[in-house]
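Peer 1: Structure of the sequence below:
(one chain, ligands or ions: 1)
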Amino acid sequence: MSQPPKTSSSSFHIAMFPWFAIGHITPYIHLANELASRGHRITLLVPNKARLQLQHLVLHADLIVFSPVAVPHVHGLPEGTEIASEIPIHMTHLLATAMDRTRGEIEQFLTVSKLDFVLYDTAQWVPGIARRNGIKTVCYNVVCAAALAIALVPARNVPKDRPITEEELREAPAGYPSKNVVLCGAEAKALTFISLPYGEGITFYERTTTAMKECDVLSIRTCRELEGDLCDYMEAQYKKPVILTGPVLGLGSDKKSEKLEERWEKWFSGFEAGSVVFCAFGTQWILEKEQFQELVLGFELTGLPFFVALKPPSGCATIEEALPNGFEERVKGRGVVFGGWVQQTAILSHKSVGCFVNHCGFGSMWESLMTDNQIVLVPHLGDQILNTKLLVKELKVAVEVEREENGWLSKDSLRKAIKSVMDKDSEVGVMVKKNHAKWVETLSSPGFMSGYIDRFVQKLKEIVN
Ligand SMILES: O=c1ccn([C@@H]2O[C@H](COP(=O)(O)OP(=O)(O)O[C@H]3O[C@H](CO)[C@@H](O)[C@H](O)[C@H]3O)[C@@H](O)[C@H]2O)c(=O)[nH]1
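Peer 2: Down below sits the predicted model:
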């Protein structure tokens, strides 16, 4: 059990209104836990479906409350959509419109709630409302500083009259400090969406840059040890200090992750230490059926025990109907492909797990860095590509699965990447393990995580005073 929080007269009431996606709401809840453990009160303004999925992560129910946001229906979205994981990526701009249409409800809440701060990331209209009500704003970004710095800064000239091109995106904005964390070749395609409409009468670029320009405090869920130069660049671009929260990993004061379901605990415990390959691609990526089948065949080819937690591919209602012929019989006893929610952090810290194949979403990136599992990356979205560059090229703690020119991931390249880190005598495997161990040491050193949060809170106090 975590310690009951201390409250004091200098504590804040803080509202949090993150983008309607599990990958965003999760780190906001982790930050809420940290703030509550220092005596601050938090109200989480999130859709009800997110509350139901994530409320178990709240460690201080006495100080953290949910205030469910009613997400209105928008033409083009399936009826009842509330969070990004319910829809394919190409529909998320419509969910941004739905978010914009909650403005009246949010304004009402901010007007009557006597708040000190509101934290947000995607709703660029929050600062206007907050200012009218004497509330300070923190634009809290839960993607890497690199993704913000390469695409969402004033120096990135985004044309107003036409979509931005891949060629333009391959060129980093003036003064961008990294040579390694850049977009090459077809990777640039993943960020062309920034100049497209995203919400009511606004593009993604306008929306996010306005959100960052208008806030009192610009904040990022990262650490200087990983992205110091990129954070300095963000400060220079936005002409305001950038306050970091560090990785904020949601471990309570007892440093325990969530509890693994009993059936999976039993399954994992049947294997040797460090032998199982675990795979998860976050909450948003839905694979095409052919690609899904190719990947599971890649896991089969490794000959290693594996646990794959993926959503059913598009067009399939269940995982079972999507599996290749004869697959289940062939891997029986050593392989599981599961289509539901699993306790990812608990699996990652299970002693039988030795390798984590993932999409390098920012949450999974930090979670993988904190364990001693070998890391194999299969990025999909723009920020995931940049996170992957950080881990593969800067830190040299992971390998990336090679794609074919058309983006296809073959079973052989997946097998090759996994074997390159799991074979005991592989040079690459030894190198990434050694580098990774140094990062685990840094991230888990006493006071590292809490120091970031303490400095964040200190900054909030200075702003109020
Ligand atoms: O079955 C599951 C699936 C996911 N998770 C957790 O859900 C979170 C997923 O977050 P993340 O790894 O960041 O993946 P996405 O959900 O794909 O994240 C979205 O949001 C991220 C920002 O936080 C971006 O970096 C990604 O590109 C974007 O897809 C992590 O904490 C996981 O541990 C589980 O616990 N169980």
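Peer 1: When you work out contacts or count neighbours from here on, use the C-alpha atoms and nothing else.
Peer 2: Noted.
Peer 1: and Ser420, how far is that from Asp229?
Peer 2: 31 Å (Cα to Cα, to the nearest Å).
Peer 1: Looking only at neighbour counts, state which of the two leads.
Peer 2: Ser420 (19 against 16; other Cα atoms under 10 Å).
Peer 1: list the helices and strands whichever helix or strand the more buried one is part of packs on?
Peer 2: Assessed by DSSP states H and E, Ser420 sits inside helix 411-422. Judged by 3 or more Cα pairs under 8 Å, 6 or more residues apart in numbering; DSSP states H and E, helix 411-422 is in contact with helix 289-302, strand 353-358, strand 374-377, strand 398-400, helix 427-443.
Peer 1: And the ones you listed: which comes nearest Lys114?
Peer 2: Closest approach to Lys114 among the helices and strands packed on helix 411-422 is made by helix 427-443 (36.1 Å; Cα to Cα).
Peer 1: next one: that closest one to chain centre, how far?
Peer 2: Counting by Cα atoms, centre = their mean, to the nearest Å, helix 427-443 is centred 22 Å from the centre of its parent chain.
Peer 1: tilt between that helix and helix 411-422?
Peer 2: With axes from the mean of the first three to the mean of the last three Cα atoms, to 10 degrees defining the directions, helix 427-443 sits at 60 degrees from helix 411-422.
Peer 1: Counting neighbours, what do you get for Thr210?
Peer 2: Neighbour number of Thr210 under other Cα under 10 Å is 18.
Peer 1: can you give me the end-to-end distance of stretch 259-273?
Peer 2: OK, stretch 259-273 end separation, Cα to Cα: 19 Å.
Peer 1: right, is that stretch up against the ligand?
Peer 2: No - judged by Cα under 6 Å from any ligand atom, stretch 259-273 makes no contact with the ligand; its nearest approach is 10.2 Å.
Peer 1: buried stuff in that stretch?
Peer 2: Residues of stretch 259-273 classed as buried under the neighbour-count rule (16 or more other Cα atoms under 10 Å) are Leu260, Phe268.
Peer 1: and Ser445, helix, strand or coil?
Peer 2: Taken by DSSP: H, G, I helix; E, B strand; the rest coil, the conformation at Ser445 corresponds to coil.
Peer 1: if I look at it, how far off is the ligand?
Peer 2: 21 Å (Cα to the nearest ligand atom, to the nearest Å).
Peer 1: check contacts around that residue.
Peer 2: Shown in contact with Ser445 (Cα atoms under 8 Å, 6 or more residues apart in numbering): no residues.
Peer 1: now Ser295, nearest residue through space, not along the chain?
Peer 2: Heads up, residue 295 is Leu, not Ser. Excluding its sequence neighbours, the residue lying closest to Leu295 (Cα to Cα, 6 or more residues apart in numbering) is Lys411, at 5.5 Å.
Peer 1: Hmm, the one you found is touching Phe292, no?
Peer 2: No - here Lys411 lies out of contact with Phe292, judged by Cα atoms under 8 Å, at a distance of 10.0 Å.
Peer 1: Low-confidence bits of the protein, can you list those?
Peer 2: Applying pLDDT under 70 to the chain flags the ranges 1-9, 251-257.
Peer 1: in stretch 163-175, what's buried?
Peer 2: Buried residues in stretch 163-175 (16+ other Cα under 10 Å): Ile164, Thr165, Glu166, Leu169, Arg170, Ala172, Pro173.
Peer 1: Tell me which of the helices and strands packed on helix 411-422 lies nearest to the ligand.
Peer 2: Closest of the helices and strands packed on helix 411-422 to the ligand is strand 353-358, at 8.1 Å (criterion: Cα to the nearest ligand atom).
Peer 1: related to what we said a few turns ago, if I look at the residue nearest to Leu295, how far off is the ligand?
Peer 2: In terms of Cα to the nearest ligand atom, Lys411 sits 22 Å off from the ligand.
Peer 1: sorry, back to before: going by distance to Gln237, which of the buried residues of stretch 163-175 wins?
Peer 2: Looking across those and measuring by Cα to Cα, the closest to Gln237 is Pro173, at 10.6 Å.
Peer 1: what's the burial count for the residue lying closest to that closest one once chain neighbours are set aside?
Peer 2: Excluding the flanking residues, the one nearest Pro173 by Cα to Cα, 6+ apart is Arg156, at 5.0 Å. For Arg156, the neighbour count with other Cα under 10 Å is 18.
Peer 1: my guess is Arg156 contacts Gly175, does it?
Peer 2: No - the criterion here is Cα under 8 Å, and Arg156 misses it with Gly175 at 10.3 Å.
Peer 1: ok, now how distant is Gly298 from Arg415?
Peer 2: In terms of Cα to Cα, Gly298 sits 5 Å off from Arg415.
Peer 1: likewise Ser219?
Peer 2: Separation of Ser219 from Arg415 (Cα to Cα): 39 Å.
Peer 1: now Phe117
Peer 2: Taking Cα to Cα, one finds Phe117 at 48 Å from Arg415.
Peer 1: Neighbour count: the two, which is higher?
Peer 2: Shown here are Phe117 and Arg415; by other Cα under 10 Å, Phe117 has more neighbours (22 against 19).
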